[in-house]
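# need a structure here:
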Amino acid sequence: MIPRCVLAALALSAMLAGAAFGAEPLLREGTIALPDTSGRIDHMSVDFARKRLFVAELGNGSVDAIDLATGKVIHRIAKLDEPQGVAYVAKTDRLAVASGGDGIVRLYDGSNYAPRGVLKLGDDADNVRSGPGDGEVTVGYGSGALAIVDTATARKISEIELAAHPEGFQLWPTAHRAFVNVPDAHEIAVIDLGQRKQIARWSPRDLSSNFPMALGPGNSIAIVFRGQSRLVKFDTSSGTIVAMADTCGDADDVFFDAKRQRFYVSCGAGFVDVFEAGGLSQIGHIATERGARTSLYAPELDRLYVAARAGLFFGSSASIMIYRPAP
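Numbers count the residues shown, from 1 in each chain. Next up is the predicted model:
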C-alpha cells in the first residue's frame with residue numbers, strides 16, 4: 001500500500017505541473033462508471049444520433065454501450081476475444097468490433113446490438129477506422145495488412161499489404177491517402193487509397209515505436225513515438241518533420257481539436273498533454289490516472305473521453321473520465 005504522504009506529494013506535483021501552464025485547457029466534467037470491468041481498455045467510438053459511446057474492453061472481453069445523456073452503461077456485448085478496435089458507421093447503422101484474440105471483425109445492429117455479420121481476417125485484428133467509402137471500415141491486422149470491409153454485407157472489399165503489423169493509422173479520403181504507423185518496420189507507410197497500395201515510406205532517424213496518429217491542420221499529421229516520448233508533426237506531402245515536442249510516457253492516443261487548433265495526447269503515465277498545433281508548444285499537462293492510455297475526442301460533442309482501467313490504483317474501478325476543452 002502506498003503511504004498517504006506519497007499520494008499527497010504525487011497529487012501536489014500534478015497540481016503544480018498543471019499550474020505552470022496557467023489556465024487549464026481541459027476541465028474535468030464528470031466520470032462514468034464501468035461496472036464489472038477488469039483489465040485493459042482499448043478504443044472507443046460514438047453513435048452521435050443516439051448519443052451512445054462504445055468502449056472496447058480488451059481485458060474484459062466485452063464492449064459496453066454507454067448512454068451519454070444518463071452517464072450509464074445500457075448494454076454489454078460479452079464473450080469477445082480481446083476486442084481492440086471499434087467503429088460505429090452511421091450509413092449502415094452498424095457497429096464494427098475487431099478482436100485481436102481470434103482476428104474476427106463482428107458487426108452489430110446499431111439500434112438493438114443484434115449480430116449482423118462475422119468476418120475472419122487473421123491474427124491480431126486491431127484498429128478500426130470509418131471509411132474510406134460510405135458504409136466501409138478499414139481494419140489493421142495480422143503481420144501487415146489493412147482490410148477494407150463493407151459493413152452492410154460483412155464482406156472484405158480489398159486488402160492493402162504492409163511491411164509489418166499496423167498500429168495507429170488515419171484515412172484522408174479527400175486526398176486519396178492513408179498514413180499508417182508500422183513500428184516493427186520502423187516506418188510510416190503512405191497508401192494510395194485509389195490504387196490500394198503503398199506508394200511511400202518514411203523512416204525518421206532516432207525515433208521509434210510510433211503508435212498513435214492524428215490528422216492535423218493543413219497538410220500535416222501528428223505521431224507520438226513512445227520510444228522517445230515525443231510528439232512529432234510531419235508534412236504529408238514530403239514526410240518532412242516540421243515540429244517536435246516531448247510528451248508524456250506510454251501514449252496510446254492523439255487527437256486534433258480543429259476548433260482550438262490543439263492536439264491532445266493521452267498517456268498511460270497518467271496525463272493528457274495539450275499542445276498548440278502550430279509549433280507544438282505545450283499548454284497543458286492534465287493529471288488523469290495511471291494506466292489511462294486510451295481516449296477519444298469527439299468534436300461533435302466537444303468532449304474528450306479518457307478510459308481508466310480498474311485495479312491499478314488502490315483497487316480503483318474502471319471508468320470513463322469526461323473532459324471539456326476550455327475556453
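# confidence score at Asp123?
For Asp123, the model assigns a pLDDT of 89.
# how about it, secondary structure?
Secondary structure of Asp123, reduced to three states by DSSP: H, G, I helix; E, B strand; the rest coil: coil.
# again, but for Asp184
Look at Asp184: counting by three-state DSSP, its state is helix.
# do you know how far it is from Leu58?
20 Å (Cβ to Cβ, to the nearest Å). (Glycine included, C-beta is placed from N, CA and C.)
# Neighbour count for those two, which is higher?
Of the pair Asp184 and Leu58, Leu58 is the one with more neighbours under other Cβ atoms under 10 Å, namely 23 against 14.
# Isn't the more buried one up against Arg40?
Yes. Between Leu58 and Arg40 there is a contact under Cβ atoms under 8 Å: 4.8 Å.
# which residues does Leu296 contact?
Listed by Cβ atoms under 8 Å, 6 or more residues apart in numbering, the contact set of Leu296 reads His43, Met44, Ser45, Val46, Leu53, Asp253, Phe255, Leu304, Tyr305.
# Where does pLDDT dip in the stretch 51-200 of the chain?
In the prediction, the stretch 51-200 of the chain carries no residues with pLDDT under 70.
# doesn't Phe225 make contact with Ser208?
Yes. Using Cβ under 8 Å, Ser208 is in contact with Phe225, at 6.1 Å.
# Who has more neighbours out of these two?
Neighbours around Ser208 and Phe225, counted as other Cβ under 10 Å, are more numerous at Phe225. The numbers are 22 against 13.
# ok, now which ones touch the closest residue to the more buried one other than its chain neighbours?
Of all residues not flanking Phe225 in the chain, Leu207 sits nearest, at 4.4 Å (Cβ to Cβ, 6 or more residues apart in numbering). By Cβ under 8 Å, 6+ apart, the residues touching Leu207 are Phe225, Gly227, Gln228, Arg230, Val232.
# In contact with the second one, which residues are there?
This points to Gly227. Counting by Cβ under 8 Å, 6+ apart, Gly227 touches Leu207, Ser208, Ser209.
# Identify the bridge partners of the residue nearest in space to the middle of the chain.
In the chain, the C-alpha nearest the mean C-alpha coordinate belongs to Asp253, at 4.4 Å (Cα atoms, centre = their mean). Beta-bridge pairing for Asp253 (DSSP bridges): Ser266.
# My guess is it contacts Ala292. True?
No. Asp253 lies out of contact with Ala292 (Cβ under 8 Å); the separation is 10.1 Å.
# Identify the contacts common to the two.
Ser266.
# what's the model's confidence in stretch 279-293, averaged?
Stretch 279-293 comes out with an average pLDDT of 97.
# same check, this time on stretch 243-256
Mean per-residue pLDDT for stretch 243-256: 98.
# May I see the buried residues of it?
Ala243, Met244, Ala245, Thr247, Cys248, Asp250, Ala251, Asp252, Asp253, Val254, Phe255, Phe256 (16 or more other Cβ atoms under 10 Å).
# Tell me which residues touch the third one, please.
By that I understand Ala245. Residues near Ala245 by Cβ under 8 Å, 6+ apart: Arg230, Leu231, Phe275, Leu280, Ser281, Gln282.
# Repeat the analysis, applying 7 Å as the threshold.
Ala245 makes contacts with Arg230, Leu231, Phe275, Leu280, Gln282, as judged by Cβ atoms under 7 Å, 6 or more residues apart in numbering.
# hang on, the earlier thing: secondary structure element holding the residue nearest to Phe225?
Leu207 is part of no helix or strand when elements are defined by DSSP states H and E.
# how close does it sit to Ala214?
Distance from Leu207 to Ala214, counting by Cβ to Cβ: 16 Å.
# again with Val265
9 Å.
# Give the buried residues for stretch 185-204.
Of the residues in stretch 185-204, those with enough neighbours to count as buried (16+ other Cβ under 10 Å) are 185-191, 193, 196, 198, 201-202, 204.
# Same question for stretch 125-141.
For stretch 125-141, the neighbour count (16+ other Cβ under 10 Å) marks 125-132, 135-141 as buried.
# Thanks a lot, see you next time.
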